[in-house]
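J.: Show me the folded form of this:
(one chain, ligands or ions: 2)
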Amino acid sequence: MIASRHNIFGKFSHSERWYLVNLLNRQADILDAETAEAYQRGIWGDNPAWAEKGYIVDPQDETKRYKGAYLDFLDRRENDEIQLFFVPTYACNFACSYCYQAAYDQNQTYPSSAVLEAWFSYIDQHFAGKRKYLTLFGGEPLLNSAGQREFVEAFLRLADQRQLETAIVTNGYTLVDYVPLLSRYRIREIQVTLDGLAEVHNRRRPLKGGGSSFERIVEGISAALQSGIAINLRMVLDRDNIGELPQVASLAIEKGWTSHSLFKTQLGRNYELHTCQSQAQVLYSRVEMYEDLARLISDAPQILEFHRPAFSLSKFLWEQGELPAPLYDSCPGTKTEWAFDASGKIFSCTATVGKSGEELGTFYPTVTLKQDKIDDWEERDVTSIPECQECALALACGGGCASVAKNQTGRVHSPDCRPVRELLSLGLELYFSENPKTKNEETYVAKY
Ligand code: SF4
Ligand code: SF4
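T.: Ligands and ions are numbered 1, 2, ... in the order given. As a prediction, the model looks like this:
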């Protein structure tokens, strides 16, 4: 018997406690110092539970289970819902300091009805029988011109005819004007970005040519929620604005957003994608951002009422009382996500849409597919990336983002490593702590 190659072992960030996590067996334990030392020294015999829980294994037996769990993963994904993004325009009324699309074509034209019909016909055929929903993305898909409104209504009508829901990713400036139109159709959710209170938000996300956007976004969020439209509020974080998080959380609480059942949040990390305009010194690495988040949360626990960060598996374990199924692939591109633009081109996802050289085919004027490139994307997971095949973190990490990996190495089948150990150290400390504001009384994790 040997230690499982999927064991993830580490120390809590601020206390003398250790964790042992194994995704293949879906086991997690908090260890005291003595037990952690026994584990590190390989003294298995003293503790029969190591084998019962799959922390020590017969390697051949484990290989069989790894293959079986992989087939289960593929089966599950086959039935997953697919998200289909459509970009009507790359034009935008904002000049965000970190926009990765700033160099894209900013001409304000709207997709012709021929393009729209070709797109719906393509998705009818290529995703027939699949659960799916649509997402309008940009640029800014809700520009407030007659042409854009006509396009949005035509899109939503065609989606409705197919009983498909549409999500919209918008900067939120015109949301308040669009709410009456949107509330007549099947809207899954509206994703809006708010990067701080007025001063900081307006500095980072001003109108083109200057001008504030904060008040109108806040108005739009409240109007959407009042009309029964779900809001997914995103905050893009870097060193410049992370200090705003407690105030944004307080604003959301005061406005009654956080107690609304249709309100949810996400925190994004500002990072260099391909044509990012940010100054490098304000960007966080993943670990740095989560370190600062953990510190902020212990000082301002109202943040948790606004958003509970994942800290890798920590939040899931804390909320669900068990680990998720092993993650053989964390990148949905070309599997459960595709993106399309008004020029008729097909891309893997939102990270690649519109980027020259990343096209995977066309749906208009004719359907063409670059099958070899598509196969490359579709075959990417932790079993195909050499570095991931030997990595203990693989089933928690899933290989990361294919686009980031390709930007760094030129290869889709290369890793975008996630700092799983560091995030678990911070997150388990936060969620399984003695802090009464964050403590879960029903901690299931066994303690040796
Ligand atoms: S390439 Fe990156 S951005 Fe695109 S779907 Fe994969 S993980 Fe997401
Ligand atoms: S991307 Fe890096 S951390 Fe993630 S599984 Fe692959 S080698 Fe491990």
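J.: Looking at stretch 247-259 now, give me its mean pLDDT.
T.: Average pLDDT, stretch 247-259: 97.
J.: same check, this time on stretch 381-397
T.: Taken as a whole, stretch 381-397 has a mean pLDDT of 97.
J.: Can you name the residues of this structure that neighbour ligand 1?
T.: Cys331, Pro332, Gly333, Glu337, Ser348, Cys349, Thr350, Ala351, Cys401, Ala402, Ser403 (Cβ under 6 Å from any ligand atom). For glycine as for every other residue, the C-beta is placed from the backbone atoms N, C-alpha and C.
J.: Among the residues you listed, which lie within helices?
T.: Ala402, Ser403 (DSSP state H).
J.: Closest one of the residues of the chain next to ligand 1 to Val169?
T.: Thr350 (8.1 Å; Cβ to Cβ).
J.: On the pLDDT front, check Ala102 for me.
T.: Ala102 is given a pLDDT of 65.
J.: neighbours of whatever residue of the stretch 101-250 of the chain ends up closest to ligand 2, just the number please.
T.: Proximity of the stretch 101-250 of the chain to ligand 2 (Cβ to the nearest ligand atom) peaks at Leu237, 21.9 Å away. Leu237 is flanked by 22 other residues according to other Cβ atoms under 10 Å.
J.: and if you look at the one 10 residues further on?
T.: Other residues within reach of Gln247, judged by other Cβ under 10 Å, total 14.
J.: ok, the residue nearest to it when sequence neighbours are not counted - contacts?
T.: Nearest in space to Gln247, with sequence neighbours left out and distances taken as Cβ to Cβ, 6 or more residues apart in numbering, is Leu197 at 5.1 Å. Listed by Cβ atoms under 8 Å, 6 or more residues apart in numbering, the contact set of Leu197 reads Phe214, Glu244, Gln247, Val248, Leu251.
J.: ok, and the closest non-adjacent residue to the first one?
T.: Just to be clear, that refers to Phe214. Phe214 sits nearest to Ala198 (Cβ to Cβ, 6+ apart), 4.2 Å away.
J.: The one you found reaches Ser212, doesn't it?
T.: Yes: shown here, Ala198 and Ser212 form a contact pair, counting by Cβ atoms under 8 Å, at 6.6 Å.
J.: Please identify which of the two sits among more neighbours.
T.: Each of Ala198 and Ser212 has its neighbours counted (other Cβ under 10 Å); Ser212 has more, 16 against 13.
J.: how much space between that one and Val218?
T.: Ser212 is 11 Å from Val218, where distance means Cβ to Cβ, to the nearest Å.
J.: closest point of the stretch 51-200 of the chain to ligand 1, which residue?
T.: Gln83 (9.4 Å).
J.: And for that residue, nearest residue in space, chain neighbours not counted?
T.: Spatial nearest neighbour of Gln83, excluding adjacent residues (Cβ to Cβ, 6+ apart): Glu337 at 5.0 Å.
J.: Who does that neighbour form a beta bridge with?
T.: For Glu337, the beta-bridge partners are Gln83, Gly333 (DSSP bridges).
J.: Distance check, it against Pro48.
T.: With Cβ to Cβ as the criterion, Glu337 and Pro48 are 44 Å apart.
J.: How about Gly129?
T.: Distance from Gly129 to Pro48, by Cβ to Cβ: 48 Å.
J.: So for these two, which residue has more residues nearby?
T.: Taking other Cβ under 10 Å, Gly129 and Pro48 do not tie; Pro48 has more neighbours (10 against 5).
J.: what stretches of the stretch 1-150 of the chain score poorly on pLDDT?
T.: Within the stretch 1-150 of the chain, the ranges that satisfy pLDDT under 70 run 45-46, 101-108.
J.: what about the strands in it?
T.: Taking DSSP state E, counting those that start in this stretch as the test, the strands found in the stretch 1-150 of the chain are 2-3, 7-11, 18-22, 27-31, 56-57, 82-87, 132-136.
J.: Out of those, which is the most enclosed?
T.: Of all the strands of the stretch 1-150 of the chain, strand 18-22 carries the top mean neighbour count, a mean of 25, counting by mean count of other Cβ atoms under 10 Å.
J.: for it, the distance to its chain's centre please.
T.: Chain-centre distance of strand 18-22: 24 Å, with Cα atoms, centre = their mean, to the nearest Å.
J.: Render the CA-only coordinates of it in CSV, please.
T.: Provided in CSV are the C-alpha atoms of strand 18-22 (Å, rounded to 0.1, in the frame of the first residue of the first chain):
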residue,chain,number,x,y,z
TRP,A,18,-3.6,20.3,8.7
TYR,A,19,-5.9,19.0,6.0
LEU,A,20,-5.9,15.8,3.9
VAL,A,21,-8.2,15.9,0.9
ASN,A,22,-8.7,13.2,-1.7
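J.: which other residues reach that strand?
T.: 4, 6-12, 27-33, 35-36, 39, 53-55, 313, 323, 396, 424-425, 428.
J.: gap between Glu379 and ligand 2?
T.: Distance, Glu379 to ligand 2, by Cβ to the nearest ligand atom, to the nearest Å: 15 Å.
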